[in-house]
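Enquirer: Predicted structure and sequence below. I'll ask about it afterward.
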Amino acid sequence: MEKQSVNILIVDDDRFMLSLLRVMLENMGYTNIMTAQSGVEALEYISGSGKPPDLILCDLRMPGMDGLEFARNLVTFRYSGNLIIVSGAESRILESAEKLLQAHGIRVLGQLRKPFIAADLAALIEKWTPPPNDMPIINRKMYSREEIQKAIINQEFLNYYQPKTEVATGRVTGMETLVRWQHPSDGLVFPEQFIAVAEKNGIIDDITAMIFSNALAAAGDWHDNGQSMKIAVNISMSNLRSLYFPDFIEQLANDAGVPPENIILEITESQLMENHLVSIEVLTRLRLKGFALSIDDFGTGNSTFAQLRDIPFSELKVDRGFVHGACCANTTIRAIYHASLDLAKKLNMAVVAEGVEDIDDWDFLKHTGCQMAQGYFLAHPMPESSVSDWVESWHQRIRDGEI
């Protein structure tokens with residue numbers, strides 16, 4: 001990281017704190033530093049600057065616009081940089097603030113407690129990484145049934161993939177399929193902008209078929225290139241309302257020549273709160289046919305144990321809220337993480353930790369014996385054309401001793 005190229009903005013209503021942080025940063029070799037004494041002043045700077053700051057250090061307690069309100073406004077500005085929370089507030093408040101900011105899509109490097117220690121600041125900044133060059137601008141537009149149907153006809157939906165790896169060895173075990181819409185004028189559109197409309201209007205099966213077929217074709221190509229990996233596909237609750245769905249999925253797999261045991265169907269736990277007898281039958285029949293079932297975002301729904309009791313899941317994915325930063329988190333988060341691993345082991349389920357974003361997360365998983373990992377530390381979601389190159393670069397990282 002070239003320190004001279006990192007643009008940093010400090011936001012604090014206390015002049016002394018601004019000066020102290022500036023001096024600390026300058027002593028570390030950073031030169032592009034701006035300061036603001038309020039959230040309003042900081043937003044004016046961001047809106048008027050040619051290049052938004054790469055990193056923002058923001059106090060939480062400020063008169064007028066506090067740090068949380070300022071951060072919420074960053075979302076409106078489509079800010080894609082990183083943020084460090086600066087505060088003397090108690091730990092529980094800081095933890096809640098960090099979770100809230102992350103829920104808004106702000107990438108939080110961590111918390112800097114007052115009084116400052118230069119080593120703590122340096123350690124947080126070392127986590128900074130530039131956003132991917134291909135990071136899309138977030139578009140919150142919602143689309144109509146007619147627009148989605150046209151996209152299905154024109155085959156505008158495509159697959160992105162995010163890898164899963166074995167923690168103990170680094171071996172790439174599979175790829176999760178993530179749907180994207182390459183809109184002809186709006187660019188890359190994310191599923192939260194169209195999936196709900198597709199489900200409501202009964203056209204989600206068409207999207208699922210397209211994504212599933214593309215994923216199976218990709219799995220076949222990787223296998224032919226000597227990169228045999230399991231493929232995971234997210235399934236909508238609406239798909240599970242049809243008793244014909246297991247036969248439909250089986251036929252797609254047979255046509256592609258991919259055995260069911262190489263296919264994982266991921267179902268989000270919060271969706272399963274709606275489950276009924278048809279859904280349980282569909283999922284059980286899928287397991288009978290040899291498909292693996294994964295319960296996604298484990299620990300975030302209201303019926304967790306009921307789902308594990310009623311549905312023959314084979315994989316448990318621990319939600320990122322119990323993974324990222326767990327090494328340094330409070331005892332409650334670590335207890336939930338450890339309980340999830342122990343539960344999966346006792347139920348003979350594979351376990352995947354989501355939200356692995358840095359080397360600290362990775363080392364924590366190694367130390368605690370977690371089976372598999374997924375997250376930005378490994379890779380951001382990528383198009384199919386980038387997968388083979390990523391696999392090679394990942395193996396090189398292992399050979400170089402970085403993993």
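Expert: Arrived safely.

Enquirer: Who does the helix or strand Asn159 falls within pair with, and is each partner parallel or antiparallel?
Expert: Assigned by DSSP states H and E, Asn159 belongs to strand 157-166. Neighbouring strands of strand 157-166 in its sheet, by DSSP bridges, are strand 172-183 (antiparallel), strand 372-373 (antiparallel), strand 382-383 (antiparallel).

Enquirer: what pairs with Cys58 across the strands?
Expert: Listed by DSSP bridges, the beta-bridge partners for Cys58 are Val11, Ile85.

Enquirer: Give me the pLDDT value at it.
Expert: On pLDDT, Cys58 comes in at 93.

Enquirer: Mean confidence (pLDDT) on stretch 386-397, please.
Expert: Here stretch 386-397 scores 92 as its mean pLDDT.

Enquirer: Give me the contacts around the strand holding Asn159.
Expert: For strand 157-166, contacts defined as Cβ atoms under 8 Å, 6 or more residues apart in numbering pick out 151, 171-182, 207, 210-211, 214-215, 218, 229-230, 232, 352, 371-374, 378-384, 387, 390-391, 394. In this view, the C-beta of every residue, glycine as well, is placed from N, C-alpha and C.

Enquirer: Report the buried members of those.
Expert: Neighbour-count burial (16 or more other Cβ atoms under 10 Å) is assigned, among those, to 151, 172-181, 207, 210-211, 214-215, 218, 229-230, 232, 352, 371-374, 378-379, 381-382, 384, 387, 390-391, 394.

Enquirer: still on that earlier bit, in TSV: the strands paired with strand 157-166, plus mean pLDDT and distance to Ala256.
Expert: Below are the strands paired with strand 157-166 laid out as TSV (pLDDT from 0 to 100; distance: least, Cβ to Cβ, whole Å):
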stretch	mean pLDDT	distance to Ala256
strand 172-183	95	13
strand 372-373	97	24
strand 382-383	92	19
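
Enquirer: Quick one: those strands as JSON lines, columns for distance to Pro259 too.
Expert: Listed next are these as JSON lines, based on distance: least, Cβ to Cβ, whole Å:
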{"stretch": "strand 172-183", "distance to Pro259": "14"}
{"stretch": "strand 372-373", "distance to Pro259": "20"}
{"stretch": "strand 382-383", "distance to Pro259": "25"}
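
Enquirer: Next one: the residue nearest to Tyr143 when sequence neighbours are not counted from Trp181, what distance?
Expert: Of all residues not flanking Tyr143 in the chain, Phe194 sits nearest, at 5.0 Å (Cβ to Cβ, 6 or more residues apart in numbering). Using Cβ to Cβ, to the nearest Å, Phe194 is found at 6 Å from Trp181.

Enquirer: Now for those two: what residues contact both?
Expert: Ala151.

Enquirer: So what does Val233 have for phi and psi?
Expert: Main-chain dihedrals, Val233, degrees, to the nearest 10: phi -130, psi 130.

Enquirer: Just list the residues touching it, thanks.
Expert: 177, 208, 211-212, 215, 263-266.

Enquirer: Look up how far Ile359 lies from Ser393.
Expert: Distance, Ser393 to Ile359, by Cβ to Cβ: 16 Å.

Enquirer: just checking, Leu243 touches Glu281?
Expert: Yes. Between Leu243 and Glu281 there is a contact at 6.8 Å, judged by Cβ atoms under 8 Å.

Enquirer: which helix in this protein runs the most residues?
Expert: Taking DSSP state H as the criterion, the chain has its longest helix at helix 204-224.

Enquirer: Flag every buried residue along that one.
Expert: Neighbour counts over helix 204-224 (16+ other Cβ under 10 Å) mark 204-208, 210-212, 214-219, 222 as buried.

Enquirer: what's the distance between the nearest residue to Leu240 once chain neighbours are set aside and Asp310?
Expert: Leaving aside its chain neighbours, Leu240 sits nearest to Ser279 (4.3 Å; criterion: Cβ to Cβ, 6+ apart). Computed as Cβ to Cβ, the Ser279 to Asp310 distance reads 10 Å.

Enquirer: Among those two, which residue is more densely surrounded?
Expert: Using other Cβ atoms under 10 Å, the more surrounded residue of Ser279 and Asp310 is Ser279, with 21 against 16.

Enquirer: Tell me if that one really is in a helix.
Expert: Yes. Ser279: assigned to a helix according to DSSP: H, G, I helix; E, B strand; the rest coil.

Enquirer: so Met229 makes contact with Thr177?
Expert: No. In this structure, Met229 is not within contact of Thr177 by Cβ under 8 Å, at 11.4 Å.

Enquirer: Let me see the contact set for the residue nearest to Tyr143.
Expert: By Cβ under 8 Å, 6+ apart, the residues touching Phe194 are 142-143, 148, 151, 181.

Enquirer: same thing but 7 Å
Expert: By Cβ atoms under 7 Å, 6 or more residues apart in numbering, Phe194 lies in contact with 143, 148, 181.

Enquirer: would you turn those residues into TSV with distance to Phe291?
Expert: Output for these, formatted as TSV (distance: Cβ to Cβ, whole Å):
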residue	distance to Phe291
Tyr143	30
Ile148	27
Trp181	26
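
Enquirer: Identify, from those residues, the entry nearest to Ala123.
Expert: Taking Cβ to Cβ as the measure, Ala123 sits nearest to Trp181 out of the contacts of Phe194, at 39.2 Å.

Enquirer: any idea what sits nearest that closest one, other than its immediate chain neighbours?
Expert: Distance criterion Cβ to Cβ, 6+ apart; nearest residue to Trp181, sequence neighbours excluded, is Val189 at 4.0 Å.

Enquirer: Quick one: the helices in the stretch 201-350 of the chain, in order.
Expert: Using DSSP state H, counting those that start in this stretch, the helices of the stretch 201-350 of the chain run over 204-224, 245-256, 269-272, 277-288, 304-310, 331-346.
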